[in-house]
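**Student:** predicted model and sequence follow; I will ask about them next.
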Amino acid sequence: MNGGHQRGPDGHWYDDAAGPLVRPYAMTGGRTRPGTAVAALDLIALVLAEPGAADDPALEPEHNALLALCRDEPLSVAELAADADLPVGVVRVLLGDLLTLGSVRVSTPVPPAQLPDERILREVINGLRAL
Amino acid sequence: MDSGHSETPVMALKILIAGGFGVGKTTMVGAVSEIRPLRTEEQLTEAGRHVDDTMGVERKSTTTVAMDFGRITVRAGLSLYLFGTPGQDRFWFLWDELSQGALGAVVLADTRRLEDSFPAVDFFEHRKIPFAVAVNRFPGTQEHRPEDIARALDLQDGTPVVLCDARDRASGKEVLIALVEHAGRMHAARLLESVS
């Protein structure tokens, strides 16, 4: 878990061309599922950093990167993954940590049963026409 | 930004763009999206994810599948998210998650390889997810009438078939409008069924 860094004498043993050499789930401590009882975060669940969310020393750099991305406006889980260049599964675990810490607020998308509210669909159609 | 509407619920609707490999899904997402098309990866590591039975071998594997996605802001607090689904059939199980809560889907079709759209059509019909078929008009291909395509795909009555150019924003918008209108009709019909 800890102290797994292997470096050569010069501190670098690979160059950029090698691509990412860290297995994605290393930054989640090997966890592949969010730790909290949060229902699976939908790809379009919107995440917003809480106003007071400060950088916690216990957090990994990736946690902080996610916080920075959604500090000003809510971003979907999918966008966070793309912008942070992390697999969605990893982002879900990291967001689970942030939720537990109360650092982010998540608004889940409208449930399917009540989804196609006619007024909203009308708005969508008019919005598309106006684009 | 403006915090005056903090009580307004933020809504995000999901539309899938499905279809065979190389049919123009990424192109269509890029043409209508207001953000640069993003690509994200989903890692699938679970064993026993109902691998198709022809395999017969249970093994744990890690697969990375890429998804394209884009966004259209209808108004503050109401956004459409478009997801280009993985083209390879062997990733069909990913669609299950993608399709949960989706407003609907666009099945992009190429008339030269119409059979490539069969799996997507089947998938959405069985799950009763509203979808529209958009025929991407590749240059130099023969024009087909929408009703002929509907028959060739054995579509249920009322499923819209739209001819489109996946590279063109206005054309992509028309496809999305046809889909949302269809989704509204399907929903209204379901409401009627549930009360009768």
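**Tutor:** Nice, thanks for sending it over.

**Student:** ok, which stretches of chain A are strands?
**Tutor:** A:46-49, A:75-76, A:104-107 (DSSP state E).

**Student:** who touches residue B:128 in this structure?
**Tutor:** residue B:186 (CB atoms under 8 Å, 6 or more residues apart in numbering or on different chains). Using the backbone N, CA and C atoms, a C-beta is placed for each residue, glycine as well.

**Student:** so how far is chain A from it?
**Tutor:** 11 Å (CB to the nearest CB, to the nearest Å).

**Student:** including mean pLDDT and mean neighbour count, could the strands of chain A go into TSV?
**Tutor:** Shown next, in TSV, are the strands of chain A (pLDDT from 0 to 100; neighbours: other CB atoms under 10 Å in any protein chain shown):
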stretch	mean pLDDT	mean neighbour count
strand A:46-49	92	21
strand A:75-76	90	24
strand A:104-107	90	18
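
**Student:** where in the chain is pLDDT low?
**Tutor:** No chain in the question, so chain A it is. For chain A, the stretches with pLDDT under 70 are A:1-24, A:32-40, A:55, A:109-116.

**Student:** switch to chain B, please.
**Tutor:** In chain B (pLDDT under 70), the answer is B:1-9, B:41-65, B:87-93.

**Student:** what about the strands in it?
**Tutor:** Under DSSP E, chain B gives strands at B:11-19, B:38-44, B:63-75, B:78-84, B:104-109, B:131-136, B:161-164.

**Student:** got phi/psi on the residue lying closest to residue A:76 once chain neighbours are set aside?
**Tutor:** Of all residues not flanking residue A:76 in the chain, residue A:44 sits nearest, at 4.8 Å (CB to CB, 6 or more residues apart in numbering or on different chains). With angles defined as degrees, to the nearest 10, residue A:44 sits at phi -100, psi 10.

**Student:** surely residue A:44 is in contact with residue B:14?
**Tutor:** Yes. At 5.1 Å, residue A:44 counts as touching residue B:14 under the criterion of CB atoms under 8 Å.

**Student:** count the neighbours of residue B:86 for me.
**Tutor:** Residue B:86 has 21 neighbours, counted by other CB atoms under 10 Å in any protein chain shown.

**Student:** one more: residue B:150?
**Tutor:** Counted with other CB under 10 Å, the neighbours of residue B:150 add up to 17.

**Student:** is it true that it touches residue B:161?
**Tutor:** Yes. If you go by CB under 8 Å, residue B:150 and residue B:161 touch, sitting 5.0 Å apart.

**Student:** need the overlap of contacts for those two.
**Tutor:** residue B:133.

**Student:** please enumerate the helices of chain B.
**Tutor:** Along chain B, counting by DSSP state H, helices occupy B:25-32, B:92-99, B:118-126, B:146-152, B:169-195.

**Student:** for the fourth one, packing partners?
**Tutor:** What that stands for is helix B:146-152. With contacts taken as 3 or more CB pairs under 8 Å, 6 or more residues apart in numbering or on different chains; DSSP states H and E, helix B:146-152 sits against strand B:131-136, strand B:161-164.

**Student:** want to throw these into a markdown table with distance to chain A and mean neighbour count?
**Tutor:** Listed next are the helices and strands packed on helix B:146-152 as a markdown table, based on distance: least, CB to the nearest CB, whole Å; neighbours: other CB atoms under 10 Å in any protein chain shown:
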| stretch | distance to chain A | mean neighbour count |
| --- | --- | --- |
| strand B:131-136 | 13 | 27 |
| strand B:161-164 | 13 | 21 |
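
**Student:** cheers, nothing more for now.
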